[in-house]
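J.: For reference, the sequence and a predicted model appear below.
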Amino acid sequence: MPVHEHIYGFDLIPETKRGSKLMMVDLDSTEVETLEFMSAFIRRTHPAVVIECGTYIGVGAVFLGNAVKANGEGHVWSVESNSEIISASRELIKEKGLSEFVTVVEGNTLEVDLPEPPYGVVFHDAEREPVHLTKELERFACNLTEDGISFIHDSALNWWFQDVRTTVSDFAKQNGMNHFTIHSARGLEMLQRSGSNGS
C-alpha cells in the first residue's frame, strides 16, 4: 500500500507506465514524490521567486504553491503555452486557495514577462527539444540565486526524451555549473551554480 493515497485533496494512483513505485495524480503529471522533493527544497531555502516551465493542469503548481504558502513568503510563476488548458489550471489553483501564491502566465517560456532574476527554484517540465531547453536554461539556470536550483524533469535515457540528460550535462560543463542526476523511471536533473553552499 502507498504511504499516502490522498494529498492536497488529490486521489493518487501508481505510476505504472514505466514500472516505478512512485505515485501520481494522473498518468501525465509529475510524480508526487518528485513534487514533494522540490517542495521540501523550497521550504528549506525560502526562495522569493519560483518559476515553473509547464503548468499543464496545475498539479505541480499546487505543490510548489503550498510550499511557498507554508513559508509565508515568495511566489510561484507558472508558464504554460497551451491555451486550451490554461483556464483549467487557473481554476484548480483558485479551488486550492493558492491564487495569492501562484500566478499562471500564458506564453512561451523564452518570451513571457516574468520577475527579474535571480530565481530561487526553477522547474523545467515543458519543452525538451535541445535548442529550446538550452535557451530556457540560459534564461533561468544562469540566473539562479546562490543557493538556487534548476530541476529538469523527464530526463531518463530509456524513454522518449533521450536528449534531455545530454543537453543538461553539456550545458553544465559549458557554464561551469554543478550537475546532479536522480536516476528513476522518468529521471530528474538538477543544476546549481558552482560554489553554491546551499545554506
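T.: Sure thing, it's come through. Numbers count the residues shown, from 1 in each chain.

J.: Please count neighbours and contacts with C-alpha atoms only from this point.
T.: Fine.

J.: tell me the SS of the residue most central in space within the chain?
T.: Nearest to the mean C-alpha position of the chain, counting by Cα atoms, centre = their mean, stands residue 123 at 2.5 Å. Counting by DSSP: H, G, I helix; E, B strand; the rest coil, the backbone at residue 123 sits in strand.

J.: Could you measure from it over to residue 151?
T.: 5 Å (Cα to Cα, to the nearest Å).

J.: Repeat that for residue 21.
T.: 21 Å.

J.: Could you check which of those two has the larger neighbour count?
T.: residue 151 (21 against 13; other Cα atoms under 10 Å).

J.: Could you pull up the contacting residues of residue 61?
T.: When the contact criterion is Cα atoms under 8 Å, 6 or more residues apart in numbering, the partners of residue 61 are 52, 55, 76, 78, 93, 102.

J.: Isn't the first one up against residue 76?
T.: Yes: taking Cα atoms under 8 Å as the definition, residue 52 is a contact partner of residue 76 at 7.2 Å.

J.: between those two, which one's more packed in?
T.: Each of residue 52 and residue 76 has its neighbours counted (other Cα under 10 Å); residue 76 has more, 28 against 24.
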